[in-house]
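> dropping a prediction and its sequence here:
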Amino acid sequence: MRITPAGERALRHGSPWLYDTWLEEDCAGAPGDLAVAFDHRRKFLAIGLWDPTSVIRLRVLHQGSPVVIDEEWFRQRILAAQELRRPVRDSDAGTTDGFRMLNGENDGLPGLVVDRFDRTCVVKIYTLAWIPHLDTILGILQEMHDWERTVLRLNRAMQARPELLHGLRDGQILSGAPLSGPVLFRENGVVFEAEPVIGQKTGFFLDQRDNRARVERLSRGLSVLNVFSYTGGFSVYAARGGATQVTSLDISAPAMQAAERNFAHNASHPAVAHCRHEPLAEDAFAALEHMRKQGRRFGLVILDPPMFAQSKAQVESALAAYARLTQLGLAVLEPGGILVQASCSNRVTSEQFFDTVLAAAQAVGRPLREIERTGHAPDHPCTFEGGAYLKCLFARG
């Protein structure tokens, strides 16, 4: 491939993607073919996986000097990713069996995510380019790990191209016994359900593991509101931490039912058993406004919304939504209570997010005293600009 100056600059700065607009001319090739990008001197610049169906034409595997991409190359890249996670696995041995094994671009394998939930492995791919290499990747992983079931998840763009999927489908069991419902796994000793076949992403959000543990340490004796709670991850941790009452708020009724089951899975823990759980399947913004009018107050409020900005054009509206959410959260937070607010929008920078939250709080006369700023769990490494999508603020208001 011959690429534009803008594409060359992006690759030299470590971009894991080459967009179609950065090609001097489009190329022939099938999804998964190896493609080589050359600089303006016609020297080797990068090599990666080609996807003619995506605006991201190339998922970059290697940049710099020429290299042979073969099974051994993939093995060394995957081995490096597993070694990076060894301290996490060793320190949590016996209490945690839910991990991210491969974190896409941040492990040098753009568009490929692999999560493990106990004995079930979930492979999520975001480009057709990985389909020809799936058997190789899974074979290498199973040389290093042992599991019983492999589930394939495909993003929406791929699902819309069934003629290129070679018979594969979203939620397909690639190996192991069929699934008729969720699987159970442990995270810091807490038992959770994951829905590998039909759940969001791979079935559970593992990236907030460390932030959930922080909430547990802060919850003793408090009433807790978990907004955008999904299946109640933060809620169960708060209960185990000694919260007197936890309200889980999410628009999805099935997610609320799963949250109730997650409480039941952990009922053998005395603190969870004694904590009253209130699930609310309602719109978050409307429910927060209603709670404000009712005069309801909580000692700890968690605001963990879905991605508000999926493109650069949506950043301003996303920041406005974060500001509104901050003010609604503070309106139901007891004076001096703890606010935990997160963003998973990689288009919104950490500086933009934290500045917006702090300014929104100041504007309503509830200035925040920061406890700490945090990010991803260690099995979600960030190795390139734009990879650090998760931001979380712990503060007193």
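Structure's in. What do you need?
> for residue 37, what are its contacts?
Applying Cβ atoms under 8 Å, 6 or more residues apart in numbering, we find residue 37 in contact with 1, 3, 7, 11, 18, 45, 46, 47, 48, 58. The C-beta positions use only the backbone N, C-alpha and C, and glycine is treated the same way.
> can you do 6 Å?
Contacts for residue 37 (Cβ atoms under 6 Å, 6 or more residues apart in numbering) come out as 1, 3, 45, 46.
> narrow those to those in strands?
Per DSSP state E, strands hold the following members of the contacts of residue 37: 45, 46.
> ok, residue 394 touching residue 371?
Yes - here residue 394 reaches residue 371: they are 4.0 Å apart, a contact under Cβ atoms under 6 Å.
> which one's more surrounded, these two?
More crowded of residue 394 and residue 371, by other Cβ atoms under 10 Å: residue 394, with 21 against 15.
> is it true that that one lies in a strand?
Yes - counting by DSSP: H, G, I helix; E, B strand; the rest coil, residue 394 is located in a strand.
> for this structure, which segments are assigned as helices?
For the chain, the helices defined by DSSP state H cover 5-12, 71-91, 134-144, 156-159, 209-218, 233-240, 253-265, 270-274, 284-294, 315-331, 350-363.
> what about the fifth one, distance to the chain center?
Translated: helix 209-218. Remark: helix 209-218 is offset 17 Å from the chain centroid, using Cα atoms, centre = their mean, to the nearest Å.
> got the angle between it and helix 71-91?
Using axes from the mean of the first three to the mean of the last three Cα atoms, to 10 degrees, the inter-axis angle of helix 209-218 relative to helix 71-91 is 10 degrees.
> dump helix 209-218 to CSV, restricted to CA.
Only the C-alpha atoms of helix 209-218 are listed here, as CSV (Å, rounded to 0.1, in the frame of the first residue of the first chain):
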residue,chain,number,x,y,z
ARG,A,209,-12.9,-4.7,38.7
ASP,A,210,-10.5,-2.5,40.7
ASN,A,211,-12.9,0.4,40.9
ARG,A,212,-15.6,-2.0,42.2
ALA,A,213,-13.2,-3.1,45.0
ARG,A,214,-12.6,0.6,45.9
VAL,A,215,-16.4,1.1,46.2
GLU,A,216,-16.5,-1.9,48.6
ARG,A,217,-13.9,-0.3,50.9
LEU,A,218,-15.9,2.9,51.0
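> next, the angle from that helix to helix 233-240.
Using the same axes, to 10 degrees: helix 209-218 against helix 233-240 is 30 degrees.
> flag every buried residue along helix 209-218.
209, 210, 211, 212, 213, 214, 215, 216, 218 (16 or more other Cβ atoms under 10 Å).
> before we move on, back to that, what about burial for the contacts of residue 37, which qualify?
Buried members of the contacts of residue 37, scored by 16+ other Cβ under 10 Å, are 1, 3, 45, 46.
> what is the closest residue to the first one other than its chain neighbours paired to in the beta sheet?
The one in question is residue 1. Closest residue to residue 1 apart from its sequence neighbours, by Cβ to Cβ, 6 or more residues apart in numbering: residue 37 at 4.8 Å. Listed beta-bridge partners, residue 37: residue 46 (assigned using DSSP bridges).
> show the pLDDT at the closest residue to residue 173 other than its chain neighbours.
The spatially closest residue to residue 173, leaving aside those adjacent along the chain, is residue 151, at 5.9 Å (Cβ to Cβ, 6+ apart). Residue 151 is assigned a predicted lDDT (pLDDT) of 97.
> residue 151: what's it in contact with?
122, 173, 196 are the contacts of residue 151 under Cβ under 6 Å, 6+ apart.
> measure how buried the first one is and give me the count.
Going back to what we said before, that points to residue 122. Residues lying near residue 122 (other Cβ under 10 Å) number 26.
> over to the one 5 residues further on?
Burial of residue 127, expressed as a neighbour count using other Cβ under 10 Å, amounts to 24.
> do I have it right that it meets residue 51?
Yes - the criterion here is Cβ under 6 Å, and residue 127 meets it with residue 51 at 4.8 Å.
> for stretch 170-178, the distance to its chain's centre please.
That offset, for stretch 170-178, works out to 22 Å (Cα atoms, centre = their mean).
> do stretch 377-396 as well
Taking mean C-alpha positions (Cα atoms, centre = their mean), stretch 377-396 and its chain are 10 Å apart.
> likewise for stretch 268-277?
The answer for stretch 268-277 is 28 Å, by Cα atoms, centre = their mean.
> over to stretch 318-337?
Worked out by Cα atoms, centre = their mean, stretch 318-337 lies 23 Å from the chain centre.
> returning to that earlier point: what would the contacts of residue 151 look like in TSV with pLDDT and distance to residue 378?
Shown next, in TSV, are the contacts of residue 151 (pLDDT from 0 to 100; distance: Cβ to Cβ, whole Å):
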residue	pLDDT	distance to residue 378
122	97	19
173	97	29
196	96	22
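> contact partners for residue 315?
Residues near residue 315 by Cβ under 6 Å, 6+ apart: 309, 347, 348.
> so how many other residues sit close to the residue lying closest to the first one once chain neighbours are set aside?
This means residue 309. Counting by Cβ to Cβ, 6+ apart, residue 309 lies nearest to residue 318, which is 3.7 Å off, once chain neighbours are set aside. Here the count is done by other Cβ under 10 Å, and residue 318 has 22 residues near it.
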